[in-house]
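Visitor: build me a structure from this.
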Amino acid sequence: MFETLEPKPADTILKLIGEHLNDPRPEKVDLGVGVYRDASGNTPILNCVKNAEQWLVTNQASKAYLGSRGDVVFCDAIQKLVFGDAGSDDGRIATIQSPGGSGALRVAAELALRANPNARVWVSDPTWNNHVPLLGEAGIELRAYPYYDADTNGIRFEAMLAALEESVEGDLLLLHGCCHNPTGLDLSREQWHQVADLVESRKLIPFVDFAYQGFGDGIDDDAYGVRLMYERLPEMIVTHSCSKNFGLYRDRVGAMSFVARDEKTAQVVDSQAQFIVRTMYSLPPDHGAAVVSRILHDDDSRAEWLAELEGMRQRLKGMRSALVAALKIAAPGHDFAHVERTTGMFCYLGVSPEQVARLVKERGIYLVDSSRINVCGITEGNVEYLADSIASVL
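Guide: Now for the predicted structure:
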């Protein structure tokens, strides 16, 4: 049976990580990694997470199954975190725990197809490299809309709106809630309103991937687009991840929320989503969600988490500014100001694939061909070397 299978190509980023590990040059820099790292190059366990885990060891009374929905207390906390107080008690939202944001995206795609077998999902060009296989392999049709402008290192917003004029009623519009991956370029509040106008007029379904809440400008500020869509539109889908803002990567903590026209419809959607979960992976893992639930429901733990999240966010902003300042010195004839305008962990550096290849070969600077970098790879100790290396290939 298995001899009929063909090998799949290795993941680009995983391949890059392997090459970086095998590079003997001490000055090498890894800008391809997909997780948060501190100034020492570590992906730390947050203190609030450790404290919550200790609390669970002492107080958790059972490891029995929680059901296909997962931890109901966790779901309620995430729903309030995403939608704010306004969305916590009107009955239009059904929230279900998932194995990470990826699990949420796949279940959402399956549910969309059940509701509308002809539904299409419009995704930004570019988008997170796993969006296409996660959604496409579910059998849903994907269409691309313009997003990144390589000439200006900005958003092709007018082209985006023009392309979406080809959408039809019932199509889903995949949007990054904040910290667009891979470009780091986010819609302004004015642009969110224009997108909401278009979605409303064309009767589309907003499908917001909200993987970086708190990594842009803050918990509430980052939720502006999600909450705007919720207030204005009758239906939407939001997928959420706790991998980044709680540092719970390997614990696979996420959620999906479905907004319906009324409470009765939300209950139907909830039952369908739970059925899909039951036939796909049955139950989500508990531990990470229990940690998040404890943090969000305990005032001291929540305050500690917000402080640690602020520290991560400020480190990212500081490294952006440091790189731009260093490039002004190393490459005075070139403009990299767009790097400082981006948010979250990622952005495009704005160099060609040929220049990327030279950075890897000549300087040990590891990044993918698109020039997407993880800002976490920049430190005070390597930023000048990085700037000099970039200048050497321009």
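Visitor: low-scoring pLDDT stretches of the stretch 151-300 of the chain, where are they?
Guide: Filtered on pLDDT under 70, the stretch 151-300 of the chain yields no residues whatsoever.
Visitor: now swap in the stretch 1-150 of the chain and tell me
Guide: For the stretch 1-150 of the chain, the ranges with pLDDT under 70 are 87-88.
Visitor: show me where it has helices.
Guide: 12-21, 47-59, 72-83, 100-115, 131-136 (DSSP state H, counting those that start in this stretch).
Visitor: winner for burial among these?
Guide: helix 100-115 (a mean of 23; mean count of other Cβ atoms under 10 Å). All C-beta atoms are positioned from the backbone trio N, CA, C, and that covers glycine.
Visitor: neighbouring contacts of that helix?
Guide: With contact meaning Cβ atoms under 8 Å, 6 or more residues apart in numbering, helix 100-115 is reached by 96, 98, 119, 121, 130-131, 134-135, 138-140, 172, 205, 207, 209, 211, 237, 239-241, 243, 252-256, 258, 269, 272-273, 276-277, 280-281, 284.
Visitor: buried ones among the residues you listed?
Guide: 96, 98, 119, 121, 131, 134-135, 138, 140, 172, 205, 207, 209, 211, 237, 239-241, 243, 252-256, 258, 269, 272-273, 276-277, 284 (16 or more other Cβ atoms under 10 Å).
Visitor: and the contacts of stretch 156-163?
Guide: For stretch 156-163, contacts defined as Cβ under 8 Å, 6+ apart pick out 122, 124, 144-149, 187, 191, 194-195, 198.
Visitor: sorry, back to before: out of the buried ones among the contacts of helix 100-115, list just those in strands.
Guide: Using DSSP state E, 96, 98, 121, 172, 205, 207, 209, 237, 239-241, 254-256, 258 are the members of those that sit in strands.
Visitor: report the buried residues of stretch 369-378.
Guide: Buried, per 16+ other Cβ under 10 Å, within stretch 369-378: Ser370, Ser371, Arg372, Ile373, Asn374, Val375, Cys376, Gly377, Ile378.
Visitor: could you chop this protein up by domain?
Guide: 7-45+313-393, 67-297 (automatic domain parsing).
Visitor: and the end-to-end length of the shortest one?
Guide: For domain 7-45+313-393, the first and last residues are 35 Å from each other (Cα to Cα, to the nearest Å).
Visitor: next: the last one.
Guide: With Cα to Cα as the measure, the first residue of domain 67-297 is 21 Å from its last.
Visitor: now stretch 135-155
Guide: 24 Å.
Visitor: ditto for stretch 79-92
Guide: Span of stretch 79-92 from end to end, Cα to Cα: 11 Å.
Visitor: beta partners for Gln97?
Guide: Beta-bridge pairing of Gln97 under DSSP bridges involves Ala255.
Visitor: wouldn't it be in contact with Ser68 here?
Guide: No. Between Gln97 and Ser68 there is no contact under Cβ atoms under 8 Å: 9.1 Å.
Visitor: who has more neighbours, those two?
Guide: More neighbours surround Gln97 than the other of Gln97 and Ser68, with 30 against 20 (other Cβ atoms under 10 Å).
Visitor: spit out the contact partners of that one.
Guide: Contacts of Gln97 by Cβ under 8 Å, 6+ apart are Arg69, Gly70, Asp71, Phe74, Cys75, Ile78, Val253, Gly254, Ala255, Pro284, Ala289.
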